[in-house]
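**Student:** Fold the stuff below for me.
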Amino acid sequence: MDAKHFDAWTRRRFGLAAGSAIAALFALRDADHVGARKRRCKKLGRACAFSGGHCCGKLQCDYNYFTDSVPNDTFCCKPDGASCTSHESCCSTYCEADTDTCKTCRGRDCTGQPDCCPQWGCEKGFCGGCADFGQGCNAEHPCCADNGACDKGFCGGCVRTLDPTDPTSGNPPCPQNGAYCCDTDCTGGVCVSQQGGPCARNVDCRTCYENFPNQCDGACDLDTHTCV
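**Tutor:** This next block holds a predicted model:
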């Protein structure tokens with residue numbers, strides 16, 4: 001190889017090596033940027049903005065009802081259905097004790113603010129001033145959005161116990177104004193089911209209802225919502 005060709009070959013090899021090095025540097029920089037973006041997501045309880053999806057994972061950005069110093073303050077919180085251990089972690093501001101999941105308290109029966117949650121006050125006997133699915137309703141007590149129309153005096157046109165998650169909350173009588181039970185059959189004038197019938201809690205099944213608290217454990221199969 002003469003000097004001219006050797007010089008050209010050397011420059012070509014050097015250029016390829018330099019190009020590869022520069023490409024590697026850009027790749028590392030881009031990887032760092034991606035990692036930085038991931039690290040910059042906001043964790044539970046951190047301040048956030050609606051304009052950007054900065055909350056980590058499945059967390060959502062919502063108003064912080066736990067502080068009254070800044071009315072429009074927002075924070076990263078857990079959506080309805082997510083597991084929880086405290087009210088403060090939920091966007092709905094209510095962590096249901098029986099299921100350990102975030103769930104809005106809106107529409108729950110109440111006698112005062114302690115029965116509700118920071119987001120919704122107790123108004124006209126209901127948290128948020130409106131009735132939940134299966135609760136009594138009228139012009140003064142309208143149904144909450146997405147809880148069904150007021151039909152036969154009940155939201156959704158059916159009767160439900162005041163607190164379906166509370167085993168001591170009484171089974172309502174049925175039918176009422178032609179409205180039957182939301183979660184169970186109507187047996188002997190009470191919202192309760194025989195074996196094989198629908199249920200939402202153990203006491204919805206006749207064996208538990210008639211022998212409470214005995215014969216209650218597992219009376220309602222919560223996977224199929226059927227009395228066993």
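**Student:** mean confidence score for stretch 107-114?
**Tutor:** Averaging pLDDT along stretch 107-114 gives 87.
**Student:** Next, the buried residues of it.
**Tutor:** Neighbour-count burial for stretch 107-114 flags Gly107, Arg108, Asp109, Cys110 (criterion: 16 or more other CB atoms under 10 Å). In this view, the C-beta of every residue, glycine as well, is placed from N, C-alpha and C.
**Student:** do stretch 184-201 as well
**Tutor:** Under the neighbour-count criterion of 16+ other CB under 10 Å, stretch 184-201 has 184-187, 190-193, 197-201 buried.
**Student:** how about these, which pair is most distant?
**Tutor:** Cys186 and Arg201 (16.4 Å; CB to CB).
**Student:** Show me the residue at the heart of the protein, geometrically.
**Tutor:** Closest residue to the average C-alpha location of the chain: Asp80 at 0.9 Å, with CA atoms, centre = their mean.
**Student:** which ones are touching that residue?
**Tutor:** By CB atoms under 8 Å, 6 or more residues apart in numbering, the residues touching Asp80 are Cys90, Cys91, Ser92, Thr101, Cys102, Lys103, Thr104.
**Student:** tell me the secondary structure for the last one?
**Tutor:** Secondary structure, DSSP: H, G, I helix; E, B strand; the rest coil: Thr104 is coil.
**Student:** Please name the nearest non-neighbouring residue to it.
**Tutor:** Residue nearest to Thr104 in three dimensions, not counting chain neighbours: Ser92, with 4.0 Å by CB to CB, 6 or more residues apart in numbering.
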